[in-house]
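**Q** Quick one: sequence and predicted model below, then my questions.
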Amino acid sequence: MEYEVRTEGEQATEDLGEALGRRLFPGAVILLNGEMGAGKTVFARGVGRGLGVNVPIQSPTFSLLNAHSGRLPFYHFDLYRLNSEEELFELGLDEALDGEGVSLVEWAGKFADYFTMPALVIWITSDGSTGRQILFWAKTEPYQAILRELTTGGQVSANPGN
């Protein structure tokens, strides 16, 4: 299942992330992709808010992982600076992915062969100003159910694909 959404402005992108975060479940994996400055961390900030995280969400570019407490543990990874799968293991990514929290992984596309588990894949692209195109791919339930709920619940205007 595929849905494409356009947001205008940082707040709309964050609000979409929040709507998703409210629907996530223990063990959920979000693979977030996009160019530098596309809005990945803005989206992640919304996911954290939807999970009840009450501290500022910042990019973990230099720390590689920021862990937050909320309704569920929220593990926010940034793989931009990593170069090998071995570094993923050293980071502890596999333990988080197998845990009861929500794992959101920025720059997941760098290690596409590693991420074989069910996940919600998101690509964010910028139009060069305030607009963002956000494409969601869900191959399995319950991620497909989340997308159906987001679109039928009026949270997003979507263009259904596969």
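**A** Yep, it's here. The structure displayed is predicted, hence computed values, not measured ones.

**Q** Surely Gly109 is in a strand?
**A** No. Assigned with DSSP: H, G, I helix; E, B strand; the rest coil, Gly109 falls outside any strand and is helix.

**Q** Now for it, how many residues are close by?
**A** Under the neighbour criterion other Cβ atoms under 10 Å, Gly109 is assigned a count of 15. Any C-beta I mention is one placed from the backbone N, CA and C, and that applies to glycine too.

**Q** ok, the closest residue in space to it that isn't next to it in sequence - contacts?
**A** By the measure of Cβ to Cβ, 6 or more residues apart in numbering, the closest residue to Gly109 outside its immediate chain neighbours is Asn33, 4.4 Å from it. Neighbour list for Asn33: 40, 106-109, 121-124 [criterion: Cβ atoms under 8 Å, 6 or more residues apart in numbering].

**Q** where along this protein do the strands fall?
**A** Assigned by DSSP state E, the strands in the chain fall at 2-8, 29-34, 65-68, 74-78, 102-106, 120-126, 131-138, 159-160.
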